[in-house]
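[1] Turn this into a model:
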Amino acid sequence: MKTALLLLSLPVTLGLSVSASSETEITVGVYDFPPVAAIRDNSRLNGLLGDLLAEMESTHQDISFRIVHTSPKRRHLDFEAGLYDVIFFESLDWGWESRPIEATHPVLSDEDVYVALKKPGRDQRFFDNITDRRIAAISGYHYGFAGLSTNDAELEKRFQVEFSQSHERNLKLIKADRPSVAEVAVISHAYLRVHLERNPEDKDRFLVSDMADQMYLLRILTREDGPVSAETLEQLLSPIIQDGRYQQMVERHGLQIPPELPGY
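    Next comes the predicted model:
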């Protein structure tokens, strides 16, 4: 999927030093990708990114963050236009292969799973030929079943896809039992875990696939020769990892620490 994410634009140079001047402001662009980033009606940023930004500001008091908004489909164009220089929590496979970037080690991991309505006689075989099903997905997210393409017109020709803007709506479509619209939703495992904690009555309503649509390792990507390097971002994150605050945030939002987190 998928695809929340965090974009950083640095108006002053940080590349050679972890310490920044008191005037350093990092402009943060986000799109809704819960629980990594959750944007509420008042435009307030919640989720892991909200917690992480607060911790980074607390740890590095000479850095401040200002949030702007982007979208899953616009983020590559914004990067090419020079509107930001860093993006948090991205897979290298999500459209970044030919772009001039540096990448940190993986700092987060998750996977997408298939969710259907649980019915008598329905089991894991329901997911065997997923592309024959009507699928609820989010426009602009990358999906394994679609070869990670985000071209809505192409996907609508190749598959029976119902696009929306949120996991919440897609789960509602499944619960509404409207197979002519959606039989399967592709949901991040972390989002589903949080949803079921808040809505335990749904645990017996959903059939969840044992197989993943895709598994992903997420990194911080920076612009090649830009104002901040991937190494610098790792150094800024390091104290939060070393004292365990980052791991606690990740676990609180149902996400996972990758096997070789730097400094862990």
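[2] Which other helices and strands does the helix or strand harbouring residue 136 contact?
    Using DSSP states H and E, residue 136 sits in strand 134-138. Packing contacts for strand 134-138, counted by 3 or more C-beta pairs under 8 Å, 6 or more residues apart in numbering; DSSP states H and E, involve strand 160-164, helix 167-175, strand 184-188. The C-beta positions use only the backbone N, C-alpha and C, and glycine is treated the same way.
[3] ok, residues contacting it?
    The contact list for strand 134-138 (C-beta atoms under 8 Å, 6 or more residues apart in numbering) reads 1-3, 72, 143, 145-146, 155, 159-167, 169-170, 173-174, 179-186.
[4] List only those of these flagged as buried.
    Neighbour-count burial (16 or more other C-beta atoms under 10 Å) is assigned, among these, to 1-3, 72, 143, 145-146, 155, 159-162, 164, 167, 170, 173-174, 182-186.
[5] Straight-line length of stretch 198-214, end to end?
    25 Å (C-alpha to C-alpha, to the nearest Å).
[6] Centre of the chain to it, how far?
    Relative to the centre of its chain, stretch 198-214 is centred 19 Å away, using C-alpha atoms, centre = their mean, to the nearest Å.
[7] Spatially nearest residue to residue 245 (excluding sequence neighbours)?
    Leaving aside its sequence neighbours, residue 245 sits nearest to residue 55 (C-beta to C-beta, 6 or more residues apart in numbering; 5.7 Å).
[8] relative to strand 184-188, how tilted is the strand holding residue 136?
    In terms of direction (axes from the mean of the first three to the mean of the last three C-alpha atoms, to 10 degrees), strand 134-138 departs from strand 184-188 by 30 degrees.
[9] what lines up beside strand 134-138 in the sheet?
    Its sheet considered, strand 134-138 pairs with strand 160-164 (parallel), strand 184-188 (parallel) by DSSP bridges.
[10] now the next helix or strand after that strand, how far from the centre of its chain.
    Remark: after strand 134-138, the chain's next helix or strand is helix 152-158, criterion DSSP H and E. Taking C-alpha atoms, centre = their mean, one finds helix 152-158 lying 22 Å from the centre of the chain it belongs to.
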